[in-house]
Structure formats: structure tokens, C-alpha cells
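# Sequence and predicted structure below; questions after.
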Amino acid sequence: MLRKFMLFFAVSLFVFTFGLANLAKAEQVVKVGVDTTFPPFEMEKNGKVVGFDVDLVNAIAKVEGFKVEWHTMDFQGLIPALQTGTIQMAVAGMTITPQRAQVVYFSKPYYHSGQSILVKKDSNIKDLADLKGKTVATKLGTTADIMLSKMKDIKVERFTNIDDAYNQLQNGGAQAVVFDNPVNINYASTHKNVHTVGKLLTGEDYGIAISKQDPKLLEKVNAGLEKIIKNSEYLKIYRKYFGNDDAGLITK
């Protein structure tokens, strides 16, 4: 009887240990929120989420050994979703700001950016001062929106999708779009009747937002970002989307 019990105990212990080993090997699945209306950082093509940010997170996940589960949502919903635990990470060309950093963690910067002015080529708008008395379109809740909200004598039209802001410019409802420079440049590359004017209005860094409930995930993301910068995978992804324009490049 004792021999049978010992055999049963040994088998049970083996099964339990084997189960723990398999559990340890199982990859962590991270829920990542993304706004797919921010090309070339995030887009949706043929029902699939693609873009610079997407490739970047996938590369980090690969070197750090976790899987990504993408969740599409409006930009404004990303930080609330992190706070409620609906997602664990958000990537959406999100500028690192002191206000946002109070409620979420941010990774080290992965892209240098800034706000620029996009106008039609026949416009007489040349710089920020020329926006006085004009209607300016932008995306709701972004740093461009926050900046414009502090300016007097400018009528601001806000849209949840940046494409709607560009359409407002094209149909004459707005005289300019103020938004993230790389997105403005991306739009201008396929719409030859518009261009950016003046200097960048701000200097900003994009970071990956992470729930304050998951500091270990922050450590993984920062470690992964460092690894792909060192092994040149970051540079490969950057060149894929931005070519030889080094304005946004992070080197360390």
C-alpha cells in the first residue's frame, strides 16, 4: 500500500513539476492599444494593424519574449484604457508629457517629433503668426490640440480622425492643419496641393505608454528598445517608413 502511495506521489509530483515548467515557458500576452488613424505610425490595411509603431513593438516583443494582442481604439481612449486595465500598453505616436506621465509610465523615447503647419500651396500662411484670425483643424486630445487651445484669435476645429482634419483643409473649411510633423509630411507626400510651412512649433518625443500597474513590463520594453537600437533592427524599421529623413531618429 505504501509502495503504491509513493508511486502515486512520485507521478503526481512529476506531472505538477512538468506543468509548472510548461507554464514558465508560456509567453506573456500583452494587450496593446493602438489608434490606426495615425499614418505612417499606425494604420489598418486589409483588416491588419500595420505601421512604424506596430513593427517597433513587435520587434521589442520578439527580443523580450512576449506576444502582442492588438486592440484598436480612439486616441482619447488609450490612457483611460490603461488606467482601467483594459490594455497594458499603448502605442500611438504619443508625446511624453508631464501630465500624461502622472497617470501612466512612458518608455524611453523612440521618435523625435514636433508640430508643424500644413496648408495649401496657394495659401499666404507662412508661419504661426499668420494663423491669427484663421480656422485651424487638428486632432482632438493631441498635443497640437492642447497647444492651439492656449492661443487666442484662432478658431480650432477638432476631429477624432486626422483624415477629417485634412479633408476640412481640402474643402476650404479650414485654412491650415496643425499636427505632428511626420504625419503632415506623410499626407503631403500623396497630396501634391499641400505642404508644410515655417519651423517646427514644438520639440516632442514619442514614448510607449504602459500601465502604472505593470512596472516590470516597463523594464522589458525599455530593455527591448535598447536591444533593437544596438542590433540595428530599430534603424531598419525606421528606414522602412522614413527613408533617409533622420529628423525623428533615436540613436541611443
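Structure's in. What do you need?
# which stretches of the protein form helices?
Listed from the start of the chain, the chain has helices (DSSP state H) covering 2-25, 52-64, 78-84, 98-101, 143-149, 162-170, 181-188, 215-230, 233-242.
# Adding mean pLDDT and distance to residue 119, write these out as JSON lines.
C-beta here means a position set from N, CA and C on the backbone, and glycine is covered the same way. Rendered in JSON lines, the data for these read as follows (pLDDT from 0 to 100; distance: least, CB to CB, whole Å):
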{"stretch": "helix 2-25", "mean pLDDT": "48", "distance to residue 119": "55"}
{"stretch": "helix 52-64", "mean pLDDT": "98", "distance to residue 119": "25"}
{"stretch": "helix 78-84", "mean pLDDT": "97", "distance to residue 119": "29"}
{"stretch": "helix 98-101", "mean pLDDT": "96", "distance to residue 119": "29"}
{"stretch": "helix 143-149", "mean pLDDT": "95", "distance to residue 119": "14"}
{"stretch": "helix 162-170", "mean pLDDT": "97", "distance to residue 119": "7"}
{"stretch": "helix 181-188", "mean pLDDT": "95", "distance to residue 119": "10"}
{"stretch": "helix 215-230", "mean pLDDT": "98", "distance to residue 119": "35"}
{"stretch": "helix 233-242", "mean pLDDT": "96", "distance to residue 119": "22"}
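# Surely residue 149 and residue 155 touch.
No - Residue 149 is beyond contact range of residue 155, at 11.5 Å (criterion: CB atoms under 8 Å).
# center of this structure, which residue is that?
In the chain, the residue lying closest to the centroid (CA atoms, centre = their mean) is residue 92, at 2.1 Å.
# Is it in contact with residue 76, as I believe?
No - with contact defined as CB under 8 Å, residue 92 does not reach residue 76; the gap is 10.3 Å.
# what domains does the record give for this protein?
Described in terms of automatic domain parsing, the domain architecture of the chain consists of the residue ranges 29-112+204-242, 115-197.
# picking that back up, leaving out the residues flanking it, which one is nearest to the residue nearest to the centre of the chain?
In this structure, residue 92 finds its nearest non-sequential neighbour in residue 35, 4.3 Å apart by CB to CB, 6 or more residues apart in numbering.
# Please look at that neighbour and residue 78 and confirm they touch.
Yes - using CB under 8 Å, residue 35 is in contact with residue 78, at 6.7 Å.
# Give me the common contacts of the two.
Between them, residue 35 and residue 78 have residue 92 as joint contacts when contacts are counted by CB atoms under 8 Å, 6 or more residues apart in numbering.
# mind listing what residue 78 touches?
33, 35, 87, 90, 92, 94, 209.
# Give me the subset of those lying in strands.
Using DSSP state E to define strands, the subset of those located there is 33, 90, 209.
# Distance-wise, check the closest residue to residue 164 other than its chain neighbours relative to residue 60.
Distances taken as CB to CB, 6+ apart put residue 137 closest to residue 164, at 7.9 Å, once the chain neighbours are dropped. Counting by CB to CB, to the nearest Å, the separation of residue 137 from residue 60 is 33 Å.
# And residue 88, by the same measure?
In this view, residue 88 and residue 60 are 13 Å apart by CB to CB.
# Tell me which of the two has more neighbours.
When residue 88 and residue 60 are compared for neighbours, residue 60 comes out ahead with 28 against 22, by other CB atoms under 10 Å.
# so who does the more buried one touch?
With CB under 8 Å, 6+ apart, residue 60 has these contacts: 220-221, 224-225, 227-228.
# Tell me who's in contact with the nearest residue in space to it that is not next to it in sequence.
Leaving aside its sequence neighbours, residue 60 sits nearest to residue 224 (CB to CB, 6+ apart; 3.5 Å). With contacts defined as CB under 8 Å, 6+ apart, residue 224 is in contact with 59-61, 63-64.
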